[in-house]
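In: pasting the structure only:
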């Protein structure tokens with residue numbers, strides 16, 4: 001099938017779709033650095049393209065439609081307005097309204113499918129009203145919608161990255177159902193978080209209800225976070241200190257306690273031991289190959305956590321790291337971030353020739369995971 005790549009970034013949608021046998025007929029990308037990588041990585045000769053989607057007129061879209069059949073419109077529309085990590089302004093944010101440009105393209109081109117992606121925060125933003133608005137808009141355009149929440153770590157890349165994928169089916173176009181998608185390891189298995197106890201004997205009402213809870217290792221681990229002040233923070237048993245100054249950065253912690261928050265500076269040396277998960281015997285040390293977040297370690301949205309044998313979600317800043325053989329924490333390289341998004345080294349090398357490391361980190365963080373796109377694209 002022929003597809004149009006909107007909000008193209010560095011071509012995560014494109015590469016996954018092409019691997020499934022589909023053909024790109026054009027793309028739109030605003031960021032000039034991402035466009036440089038896109039053109040270096042992919043063969044765009046003779047394709048229609050535009051820089052700013054808001055400046056593409058309805059007549060421009062009609063001319064594109066008349067050039068040839070477009071079966072699928074793809075788009076990972078900007079997610080900052082919906083992310084739980086942002087200000088969550090939704091449609092009050094200009095970036096949020098860019099969804100309506102996808103709707104404008106769809107209303108004129110009338111492709112058989114819409115293939116969209118966004119952060120999981122889209123589902124519950126504004127108590128679900130934002131997602132309801134998206135569904136209602138697509139329904140008014142004549143599209144029946146299905147969606148699923150998928151994690152990149154289930155598709156052959158060691159990155160914990162949850163995203164919602166939306167498929168719009170043009171009514172009367174004889175399309176087929178896409179979801180559910182079978183993971184690479186076989187059947188779909190969404191484990192629940194399993195609480196097996198609580199060490200908070202006071203049973204006081206907490207701002208953070210997770211404080212004190214104990215979870216079964218056989219379920220999904222909750223986010224490990226630190227509540228600052230008011231006695232709400234997890235208690236840490238200090239068993240010694242490697243410095244005569246007794247500064248906290250030199251504390252040594254018992255593996256039977258709870259890990260201190262890993263600060264960004266700690267990737268320079270193994271001053272504090274990161275901990276991984278609850279077991280029946282207590283906490284165990286993080287091991288070589290586990291992933292850590294290096295930015296905003298005191299956040300309450302999962303930042304600072306340790307990921308078991310996988311990377312934390314790749315961000316635009318590239319502030320993710322891994323535990324090395326000598327138990328030091330180092331920052332991932334741009335190439336490693338591209339790999340965690342499913343891009344082969346040969347394409348990264350092309351992008352590296354035209355962009356700086358800071359731009360490459362940003363592009364990897366903004367991209368979709370190629371493996372997930374490929375798994376979905378095979379079902380069109």
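Out: Good, I have the coordinates. All values reported here derive from a predicted model rather than from experimental measurement.
In: What residues sit buried inside the helix or strand harbouring residue 138?
Out: Applying DSSP states H and E as the criterion places residue 138 in helix 129-140. Of the residues in helix 129-140, 130-131, 133-135, 137-138 count as buried by neighbour count, 16 or more other CB atoms under 10 Å. (C-beta placed from N, C-alpha, C; glycine too.)
In: Redo the residues you listed as a markdown table? Include distance to residue 97 and pLDDT.
Out: Listed next are those as a markdown table, based on distance: CB to CB, whole Å; pLDDT from 0 to 100:
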| residue | distance to residue 97 | pLDDT |
| --- | --- | --- |
| 130 | 11 | 84 |
| 131 | 15 | 88 |
| 133 | 11 | 84 |
| 134 | 11 | 88 |
| 135 | 16 | 89 |
| 137 | 11 | 88 |
| 138 | 15 | 91 |
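In: Any chance of these in a markdown table with distance to residue 341 as columns?
Out: Putting the buried residues of helix 129-140 into a markdown table (distance: CB to CB, whole Å) gives the following:
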| residue | distance to residue 341 |
| --- | --- |
| 130 | 26 |
| 131 | 25 |
| 133 | 29 |
| 134 | 25 |
| 135 | 28 |
| 137 | 29 |
| 138 | 27 |
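In: between those, which is nearest residue 58?
Out: Of all the buried residues of helix 129-140, the one sitting nearest residue 58 is residue 137; the distance, using CB to CB, is 16.9 Å.
In: Show the model's pLDDT score for the residue nearest to residue 310 when sequence neighbours are not counted.
Out: Leaving aside its sequence neighbours, residue 310 sits nearest to residue 158 (CB to CB, 6 or more residues apart in numbering; 3.8 Å). pLDDT for residue 158: 91.
In: ok, residue 158 to residue 70 distance?
Out: The gap separating residue 158 from residue 70 is 35 Å, by CB to CB, to the nearest Å.
In: if you count what's nearby, which of the two comes out ahead?
Out: The neighbour count for residue 158 versus residue 70, taken as other CB atoms under 10 Å, is higher for residue 70 (19 against 16).
In: SS state for the more buried one?
Out: At residue 70, secondary structure determined by DSSP: H, G, I helix; E, B strand; the rest coil is coil.
In: can you tell me the helix or strand for residue 351?
Out: When secondary structure is defined using DSSP H and E, the element that contains residue 351 is helix 345-352.
In: which other helices and strands contact that helix?
Out: Contacts defined by 3 or more CB pairs under 8 Å, 6 or more residues apart in numbering; DSSP states H and E place helix 345-352 against helix 32-41, helix 334-340, helix 357-366.
In: Next up, identify which helix or strand residue 180 is on.
Out: No secondary structure element spans residue 180, as it lies outside all helices and strands (assigned by DSSP H and E).
In: was I right about it contacting residue 149?
Out: No - distance between residue 180 and residue 149: 10.8 Å, which falls outside the contact criterion (CB atoms under 8 Å).
In: rewinding a little: let's have the helices and strands packed on helix 345-352 in CSV, adding mean pLDDT.
Out: Supplementary listing: these in CSV, determined by pLDDT from 0 to 100:
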stretch, mean pLDDT
helix 32-41, 98
helix 334-340, 95
helix 357-366, 95
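In: For residue 350, which of those is the nearest?
Out: Across the helices and strands packed on helix 345-352 (criterion: CB to CB), the nearest stretch is helix 32-41, sitting at 4.4 Å.
In: Give me the sheet partners of the helix or strand just after the closest one and which way each runs.
Out: Moving toward the C-terminus from helix 32-41, the next helix or strand (DSSP H and E) is strand 48-50. Within its sheet, strand 48-50 is paired with strand 23-28 (parallel), according to DSSP bridges.
In: The partner strand versus helix 32-41: what angle between them?
Out: Direction vectors for strand 23-28 and helix 32-41, defined by axes from the mean of the first three to the mean of the last three CA atoms, to 10 degrees, enclose an angle of 160 degrees.
In: now the stretch 51-200 of the chain, which segments are flagged as low pLDDT?
Out: 79-96, 184-200 (pLDDT under 70).
In: ok, now with 80
Out: Low-confidence segments of the stretch 51-200 of the chain, defined by pLDDT under 80: 79-97, 182-200.
In: which stretches of it form strands?
Out: Listed from the start of the chain, the stretch 51-200 of the chain has strands (DSSP state E, counting those that start in this stretch) covering 72-75, 113-119, 143-151, 162-170, 195-198.
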